[in-house]
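In: Let's see this in three dimensions:
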Amino acid sequence: VRFINHKKPLLVLSISFILAIIIGCFEEIGNYFSLARTIGFFPFFLLGYYSNEDTIEKIKNMRKIKGLILLIITIIATYVLVSKEMIPLVFQWSSKPFKEIGFNNIEGIIYKVIIILLELGCCIGLINLIPKRKTIFCRLGENSITIYGFHAAIVYVITYFIKDVPPYKGLIYILILGLTIGLTFVLSSKPIQELYKILMKPYKKISEDGDAK
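Out: From the prediction side, this is the model:
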């Protein structure tokens, strides 16, 4: 908490991006408690945490055509990189060390930088194109922490029972998309939010006690 609330957000962001880029160099960390993935995506959490209304408004006030072009470029670039197997899809999950995926550390770092730039471009493009009026998707953004926190357990359960994917790829992709949308709305619901508050209450108290000292 003290690290996040540091008086120099730019320093904290710089450190978090460096860690996210090089975390794949360390085989010892692996995916215990999703530590590698947490560090890999932590800079984006910080960007959201440090962003205020002025920051969001500056992005939204960009010309919409710029946001659309940026989003299209990032989508096409991501599709090409994955479809041509230049960067394996698993690489983007930030859950495995570079060597386990088949890259040395230098290659891994370069690809990681490319992925982060694409992710930043996608985020900026989406924010720019999001309408200013309130929509049904606002609740998903407000409650994204529970979606991120609880989805892994459900995915593990599903993958445990579904060992082999049937050959009907098109239908499977549609099913996965449907499940993803449904799961997103369920995990952002009020009962899940209340459960999250109950689970986080002890950690919140520890954090408050630490700040008080």
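In: pLDDT wise, what is Gly108 at?
Out: If you check Gly108, the pLDDT there is 91.
In: sorry, that was for Val155
Out: 80.
In: repeat for the one 4 residues further on
Out: The confidence metric pLDDT takes the value 76 at Thr159.
In: Next, count neighbours for it.
Out: Thr159 has 9 neighbouring residues, counting by other Cβ atoms under 10 Å. Using the backbone N, CA and C atoms, a C-beta is placed for each residue, glycine as well.
In: now do Arg37
Out: 16.
In: For stretch 122-130, buried residues please.
Out: 122-125, 127-128, 130 (16 or more other Cβ atoms under 10 Å).
In: In this protein, where is pLDDT below threshold?
Out: 1-3, 6, 30-33, 163-170, 203-213 (pLDDT under 70).
In: Any idea which residue is closest to the centre of it?
Out: Nearest to the mean C-alpha position of the chain, counting by Cα atoms, centre = their mean, stands Phe41 at 5.2 Å.
In: mind listing the helices for the protein?
Out: 9-22, 35-50, 53-60, 64-83, 98-101, 105-129, 138-142, 144-161, 169-187, 190-212 (DSSP state H).
In: circling back to that earlier point, excluding chain neighbours, give the residue nearest to the residue nearest to the centre of the chain in space.
Out: Ser94 (6.3 Å; Cβ to Cβ, 6 or more residues apart in numbering).
In: Isn't the one you found up against Phe44?
Out: No. If you go by Cβ atoms under 8 Å, Ser94 and Phe44 don't touch, sitting 10.7 Å apart.
In: So between the two, which is more surrounded?
Out: Counted by other Cβ under 10 Å, Ser94 and Phe44 do not tie: Ser94 has more neighbours, with 21 against 16.
In: ok so, going back, relative to Leu81, how far out is the residue nearest to Phe41?
Out: Noted for Ser94: a distance of 15 Å to Leu81, by Cβ to Cβ, to the nearest Å.
In: Kindly report the same for Val12.
Out: For Val12 relative to Leu81 (Cβ to Cβ), the value is 29 Å.
In: The residue nearest to Phe150 when sequence neighbours are not counted: neighbour count?
Out: Counting by Cβ to Cβ, 6+ apart, the nearest residue to Phe150 once its immediate chain neighbours are dropped is Leu187, at 5.2 Å. Leu187: 21 surrounding residues under other Cβ under 10 Å.
In: before we move on, what about Thr38?
Out: Neighbours of Thr38 (other Cβ under 10 Å): 16.
In: go on, Pro131?
Out: Look at Pro131: counted by other Cβ under 10 Å, it has 8 neighbours.
In: Equivalent analysis for Ser16, please.
Out: 21.
In: wait, what's in contact with the residue nearest to it when sequence neighbours are not counted?
Out: Once flanking residues are discounted, Ser16 sits nearest to Pro43: 4.3 Å by Cβ to Cβ, 6+ apart. Listed by Cβ atoms under 8 Å, 6 or more residues apart in numbering, the contact partners of Pro43 are 13, 16-17, 20, 116.
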